[in-house]
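> Below are the sequence and a predicted model; questions follow.
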Amino acid sequence: MEKTDIVESINKIIINDKDMSGNKIINVLVKQNEYVIYEIETDDINNKIKVFIDGHTDESEHKIQNRFNTVKQKYIEAKGILTKSSNFQMMKHRIAHTLSTALNSDEIDGIKEFENLITTITKEHEELVINRTIYLLPSFIAITIFFILSYYNMDYRINNLEKWQILTGFLSSSLGGGLSILINAKTLNFEEYKTKKHYFLLGIERIVSAFIAGGIAFIAVKAGVLFPEIIIQGNWSFMFILVIAGFSETLIPRVLSKSKTNIS
């Protein structure tokens, strides 16, 4: 009679212990009687998920090994695109579950299951890229518009300095805000909303806040509250301050708080 308990070698695969290759085990994703799918500590995402098979008998082990060999290429392909997934934690469990399903029965088309999973991961990655692009679009549009306006109105530097400073002020604020948006986009969740317009509106909100921060910094510099010597140093220094203001909205509240303290 075939045993139904967990094989001793499988049972030894536990969190914070080491496998037979000396790798530290940081997570056990699936553990069955004759195989275990687990995660090891490594910087290589493609090598994080491991499979160990040890059957009760040579026959049962051979059967599971054959099932694994059937889906091995698709399994490796699925692991290879883990880096594209925005939710590595969830996706590694889906890969482990799909592999476990394939190892449990000959009736399951494991290759088809992995193909469906790979398609899902790829589509999710495409959606993420599109949503991120839509989020960045308002800042790109703002930078382009104010760059063109500033370039084709360079004569304002001589004939109308105030208007030139306003135009370049918008350009500087949008550059600072755009850089901030680009950097922070890597940490945002672009799967939170179903409709793409939400990400476009979020992008507009962020670039508008950069304009507001830049506008306040513009007034503060002109009023001599913020770096009064900047006006003397020239327009490039003035623009740099507005870039910083557009990049970090927290700059303005800190400056205003400091100014209030100095006045008191």
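Looks like it arrived, so ask away.

> where's the spatially closest residue to residue 113 that is not a sequence neighbour relative to residue 75, distance?
Nearest residue to residue 113, sequence neighbours excluded (C-beta to C-beta, 6 or more residues apart in numbering): residue 98, at 5.1 Å. (C-beta placed from N, C-alpha, C; glycine too.) According to C-beta to C-beta, to the nearest Å, residue 98 stands 8 Å off from residue 75.

> for whichever strand or helix holds residue 127, packing partners?
In the assignment (DSSP states H and E), residue 127 maps to helix 110-151. Other helices and strands packing on helix 110-151, by 3 or more C-beta pairs under 8 Å, 6 or more residues apart in numbering; DSSP states H and E, are helix 58-80, helix 88-104, helix 161-184, helix 197-222.

> Residue 93 against residue 29, yeah?
Yes: contact criterion C-beta atoms under 8 Å: residue 93 and residue 29 qualify, at 6.1 Å.

> Tell me the gap between stretch 166-182 and the middle of its chain.
23 Å (C-alpha atoms, centre = their mean, to the nearest Å).

> I'd like to know the average pLDDT value across it.
Average pLDDT, stretch 166-182: 91.

> Touching that stretch from outside, list them.
135-136, 139-140, 142-143, 146-147, 149-150, 153, 156, 203, 206-207, 209-211, 213-215, 218, 235, 238-248 (C-beta atoms under 8 Å, 6 or more residues apart in numbering).

> which of those count as buried?
Neighbour-count burial within those applies to 135-136, 139-140, 142-143, 146-147, 150, 156, 203, 206-207, 210-211, 213-215, 218, 235, 238-247; the criterion is 16 or more other C-beta atoms under 10 Å.

> And the residue nearest the centre of this structure?
residue 186 (3.8 Å; C-alpha atoms, centre = their mean).

> Could you measure from that residue over to residue 119?
25 Å.

> and what of residue 83?
17 Å.

> again, but for residue 5
Applying C-beta to C-beta, the value for residue 5 to residue 119 is 37 Å.

> same question, residue 197
Distance of residue 197 to residue 119, computed by C-beta to C-beta: 26 Å.

> same deal with residue 36?
Distance from residue 36 to residue 119, by C-beta to C-beta: 27 Å.

> Of these two, give the one with the bigger neighbour count.
Legend: neighbour count by other C-beta atoms under 10 Å for residue 36 and residue 119, higher for residue 36 (27 against 10).

> Let me know the angle separating the host helix or strand of that one from helix 88-104.
Residue 36 is part of strand 35-40 when elements are defined by DSSP H and E. Angle, strand 35-40 to helix 88-104, by axes from the mean of the first three to the mean of the last three C-alpha atoms, to 10 degrees: 160 degrees.

> Direction included, what does the next helix or strand after strand 35-40 pair against?
Heading C-terminal from strand 35-40, the first helix or strand you meet, by DSSP H and E, is strand 49-53. The strands beside strand 49-53 in its sheet (DSSP bridges) come out as strand 35-40 (antiparallel).

> picking up where we left off before, next, show the common contact partners of residue 98 and residue 75.
Joint contacts of residue 98 and residue 75 (C-beta under 8 Å, 6+ apart) are residue 114.
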